[in-house]
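*Asks:* here are the coordinates; sequence isn't available:
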Ligand code: HEM
């Protein structure tokens, strides 16, 4: 398949040894690192491809941990500087995702357990314009319209560059994120960082839909990467989307930081919580079905003649109207630190869509008008990014743009 890594295992090991050699650790040190890598439960097997048509994180199963970092371009960073930065990030991201210490890694031992590490980039409007000119900016790459439910905080909103570091190991996330921060310091300044988490890798059967901090099964309805319609709604295959050609193999992306009021949610009884969603808490089945994968019956009525899946339920309000309002969703739970005790909690909500204005905005508008979940949820951050395609060996993420 086109997204398979282009390096053989032998090439990977050889590459790692060369890098380690360049660090001055010598052949014996390199061999020791390789032996350490091989003895990890993950070994070298927990690697996701870096090179390919698409950035791996968009079509790969989410990992247990993620760090979202957004950056602002420093004054004076021009096209050439952006190119240099993207090349540096890509070289390091390639090495790290393949379990190899990048050149100049001060802690090379921390790089040998990728645990499915993925490092993906998103570009904000200013970066695209600076790198490729105004004609390179897709029409939807701008802040979302204001919604009545929004209580956006400046520090969680916008940004010129998004770097998402995902792995099943939190030490790997920390080390990889720090590497990117160190390497980009002369090009960008950090705007915000937010860690997200799901259940620990291996604690549930693979493919189990995640639970958010309300306890809901969250992520049932696709399109998922395994679905036929994913390529259409996410890569824009077979549809006339009008995106600039540098974005072929990439997509659009909306990140919403949504605070969830767990204290008030805890006071609501179980039937009301289920009605607010239209699905059960036990297994995520629609209120008209038994299993998570059952199709909801929006026409079904109860003995009183009322819809079983209420009109105000999140699922009914978010359900596609058949006018192209379809997104591929993914979420990571978050908790913010607080000196006073349990801090703010919520969901880092990601939507992938080849045209977010056409696909995401109508859904968010409907939820803004009516959604029972709004009683307990508040969007506190929002950003739109273009997710560039993947790159090939020798290239870098963004090389179709700059
Ligand atoms: C903290 C905020 C949110 C929570 C806790 C939440 C939770 C959920 C849950 C539990 C489901 C049902 C299971 C599933 O199909 O995944 C669902 C469905 C869905 N949500 Fe959300 N959601 C949130 C925000 C949003 C936002 C901001 C959007 C888009 C603007 C959105 C769009 C959807 C869509 C499209 C579905 C599928 C509806 C269908 O069945 O057709 N959600 N959400």
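*Replies:* Thanks, I have the structure now. If you're wondering where the values come from, they're calculated on a predicted model, not measured in any experiment. Numbers count the residues shown, from 1 in each chain.

*Asks:* how about the strands in this structure?
*Replies:* Counting by DSSP state E, the chain has strands at residues 65-73, 118-123, 161-167, 188-197, 251-260, 328-335, 345-353, 377-387.

*Asks:* Just want the angle from the longest one to strand 118-123.
*Replies:* Between strand 377-387 and strand 118-123, the angle formed by their directions is 90 degrees, by axes from the mean of the first three to the mean of the last three C-alpha atoms, to 10 degrees.

*Asks:* how about low-confidence regions in the stretch 201-350 of the chain?
*Replies:* Filtered on pLDDT under 70, the stretch 201-350 of the chain yields no residues whatsoever.

*Asks:* if we can go back for a sec, could the strands of the chain go into TSV alongside distance to the ligand?
*Replies:* C-beta here means a position set from N, CA and C on the backbone, and glycine is covered the same way. TSV is the format used below for the strands of the chain (distance: least, C-beta to the nearest ligand atom, whole Å):
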stretch	distance to the ligand
strand 65-73	15
strand 118-123	18
strand 161-167	18
strand 188-197	12
strand 251-260	4
strand 328-335	6
strand 345-353	4
strand 377-387	4
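
*Asks:* Could you dump those into JSON lines with mean neighbour count added?
*Replies:* Formatted as JSON lines, the strands of the chain follow (neighbours: other C-beta atoms under 10 Å):
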{"stretch": "strand 65-73", "mean neighbour count": "23"}
{"stretch": "strand 118-123", "mean neighbour count": "26"}
{"stretch": "strand 161-167", "mean neighbour count": "26"}
{"stretch": "strand 188-197", "mean neighbour count": "19"}
{"stretch": "strand 251-260", "mean neighbour count": "23"}
{"stretch": "strand 328-335", "mean neighbour count": "21"}
{"stretch": "strand 345-353", "mean neighbour count": "23"}
{"stretch": "strand 377-387", "mean neighbour count": "23"}
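
*Asks:* For residue 79, which of the ones you listed is the nearest?
*Replies:* Smallest distance to residue 79 across those (C-beta to C-beta): 11.2 Å, for strand 65-73.

*Asks:* tell me which parts of the stretch 201-350 of the chain are close to the ligand?
*Replies:* 212, 214, 216-221, 256, 258, 260, 277, 279, 284, 314-315, 318-320, 329, 347, 349 (C-beta under 6 Å from any ligand atom).

*Asks:* Give me the buried entries from those.
*Replies:* Buried residues within those, counting neighbours by 16 or more other C-beta atoms under 10 Å: 212, 214, 216-221, 256, 258, 260, 277, 279, 284, 314-315, 318-319, 329, 347, 349.

*Asks:* Excluding chain neighbours, give the residue nearest to residue 47 in space.
*Replies:* residue 114 (5.2 Å; C-beta to C-beta, 6 or more residues apart in numbering).

*Asks:* Near that neighbour, how many other residues are there?
*Replies:* 27 (other C-beta atoms under 10 Å).

*Asks:* Which residues are in contact with it?
*Replies:* For residue 114, the residues meeting the contact criterion (C-beta atoms under 8 Å, 6 or more residues apart in numbering) are 42, 46, 47, 48, 96, 97, 98, 99, 167, 172.

*Asks:* Residue 139: neighbour count?
*Replies:* Residue 139 has 11 neighbouring residues, counting by other C-beta under 10 Å.

*Asks:* Just the ones of the residues of the stretch 201-350 of the chain next to the ligand in helices?
*Replies:* 277, 314, 315, 318 (DSSP state H).
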